[in-house]
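J.: No sequence on hand, only this structure:
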C-alpha cells in the first residue's frame, strides 16, 4: 500500500549550499523531518549548479519520511541571467529593462521543459516569453 502524503513543500535553496539554517531548517523542522537526510544528498546533487538558486519540491509522508526533487533554476532567474539584469521592471508595460532573443528563450525552455505545462518546444517558448514580458523584457527575433 502506498504511503499517505501529508504535505507538499516547495522552496528555493542555493544550489550546493543547503544548511540547517533557514530556509531549509525552518521549513523541514516544522514538519519534524530529519534535515541531514535532505541536506547532504541535495548538496551532492546540485554542486554543479553552484551560485544559482534552485526550486525544491518535497513530499512528506505520514511516517515522517519524504522524497524530494530539484526543479532547477526559476525561470525569472534564468531570464535575468541570460540578459544580464539585476531585477525586472516595476511597471513592465511602461518601463522596459532589457531585450531577449528567441534563441535565448529556446535555450531556457529546453532547460525547463520537464517542469513546464507545455506539449512542445514552441509552447514552452511562449510560456517563457510571457514571463519575460511580465518582467518588462522585450522579445526580439
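T.: Thanks, I have it. Since the structure is predicted, the reported quantities are computational estimates derived from the model, not experimental observations.

J.: check which helix or strand covers the closest residue to residue 107 other than its chain neighbours.
T.: Among residues not flanking residue 107 along the chain, residue 82 sits closest, at 7.4 Å (CB to CB, 6 or more residues apart in numbering). Just so you know, the C-beta spots here come from the backbone N, C-alpha and C atoms, and that holds for glycine as well. Per DSSP states H and E: residue 82 is located in helix 75-83.

J.: ditto for residue 28
T.: helix 24-30.

J.: So which bits of that helix are buried?
T.: Neighbour counts over helix 24-30 (16 or more other CB atoms under 10 Å) mark 24, 27, 28 as buried.

J.: ok, the last one touching residue 38?
T.: Yes: between residue 28 and residue 38 there is a contact at 6.2 Å, judged by CB atoms under 8 Å.

J.: Residues that sit against both of these two, list them.
T.: Common neighbours of residue 28 and residue 38, using CB atoms under 8 Å, 6 or more residues apart in numbering, are residue 58.

J.: Could you list the low-pLDDT ranges of the protein?
T.: Residues of the chain meeting the criterion pLDDT under 70: 1.

J.: where along it do the helices fall?
T.: Along the chain, the stretches classed as helices by DSSP state H are 24-30, 36-46, 75-83, 102-112, 121-134.

J.: Just name whatever secondary elements the third one is in contact with.
T.: If contacts are counted by 3 or more CB pairs under 8 Å, 6 or more residues apart in numbering; DSSP states H and E, helix 75-83 sits against strand 98-101, helix 102-112, helix 121-134.
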